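In: Attaching a predicted model along with its sequence, questions to come.
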Amino acid sequence: MCGWWPCRSLRPQKQCKQQWTWDRWISERIMCRSCWRKPPLCPPTWHFIGRLQSNKVKKLLSIPNLVAIETVDSSSLADRIASAAQAAGRGMRGIDPLDLFIQVDTSNEETKGGVQPSDAPNLASHIAACGRSVRLAGLMTIGAPGDMGAFDRLHAARSAVAAALGVPDKELGLSMGMSGDFQEAIRKGATSVRVGSLIFGSRPPK
């Protein structure tokens, strides 16, 4: 539901039974471990949406309740994540595999990561072959401000990925839309949106 906010801002969300929280900062989530372990409130599940360097994968996987990485944009990164997830026991002994989302560049912005829509099926096939420690959960995009067509392009990319994998479209989630455009994203089929600014306002300084 949200990202960018420090632990002190997010703790009240536990009382509201928020289940998903997004974040871009590995170090901040590690610092928050003790904050989320205090009973009787249950910790949320974390979705990571930051640019992920290969040398930070193991550290990221050490964060409790991390359930998804939404910024997978290369086969090499997928391999590194799958290896770390396997070492952490994901997909074994009753532990769920780590969900991966392919980040798709739907607005051709140099400052944002992601594969081109036409490359998403190949990466999806690679992730599907990475073993049981990870599973492809869907596609994610951060479109340019005001570019509502990004939602249609991600929707089309999902259809292409589903066809390549031989699965129904609805088996793959669509993570798209932020505080300013989440309503349109939902109309276009988003299964998750990022609305932290709408809830908390601007992120306070670190």
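Out: Great, that's in hand. Numbers count the residues shown, from 1 in each chain.

In: helix or strand for residue 177, which one?
Out: strand 173-178 (DSSP states H and E).

In: I meant residue 51, not that one.
Out: Per DSSP H and E: nothing holds residue 51, as it lies in no helix or strand.

In: what residues are up against the residue nearest to residue 82 when sequence neighbours are not counted?
Out: Among residues not flanking residue 82 along the chain, residue 130 sits closest, at 3.9 Å (C-beta to C-beta, 6 or more residues apart in numbering). (Each C-beta comes from the backbone N, C-alpha and C, glycine too.) Neighbour list for residue 130: 78, 79, 82 [criterion: C-beta atoms under 8 Å, 6 or more residues apart in numbering].

In: helix or strand right after the strand holding residue 177?
Out: Strand 173-178 is succeeded, C-terminally, by helix 182-187 (DSSP H and E).

In: Which pLDDT value belongs to residue 50?
Out: At residue 50, the model reports a pLDDT of 87.

In: hey, which helix is longest across this structure?
Out: Ranked by residue count, the top helix of the chain under DSSP state H comes out as helix 149-165.

In: got the contact list for that one?
Out: For helix 149-165, contacts defined as C-beta under 8 Å, 6+ apart pick out 102, 104, 106-107, 117-118, 120-122, 124-125, 128, 136, 138-141, 143-144, 168-169, 171-172, 174, 176-177, 184-185, 188-190.

In: Take those and, keeping just the buried ones, write it as a ChimeraX select command.
Out: Only the buried entries of the contacts of helix 149-165 go into this ChimeraX selection, using 16 or more other C-beta atoms under 10 Å:
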select :102,104,106,107,117,120,121,124,128,136,138,139,140,141,143,172,174,176,177,185,188,189,190
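
In: quick one: which of the contacts of helix 149-165 sit in strands?
Out: Using DSSP state E, the subset of those located in strands is 102, 136, 138, 139, 140, 174, 176, 177.

In: Tabulate those residues in CSV, adding columns for pLDDT.
Out: What follows is the ones in strands among the contacts of helix 149-165, written out as CSV (pLDDT from 0 to 100):
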residue, pLDDT
102, 99
136, 99
138, 98
139, 98
140, 97
174, 97
176, 93
177, 90
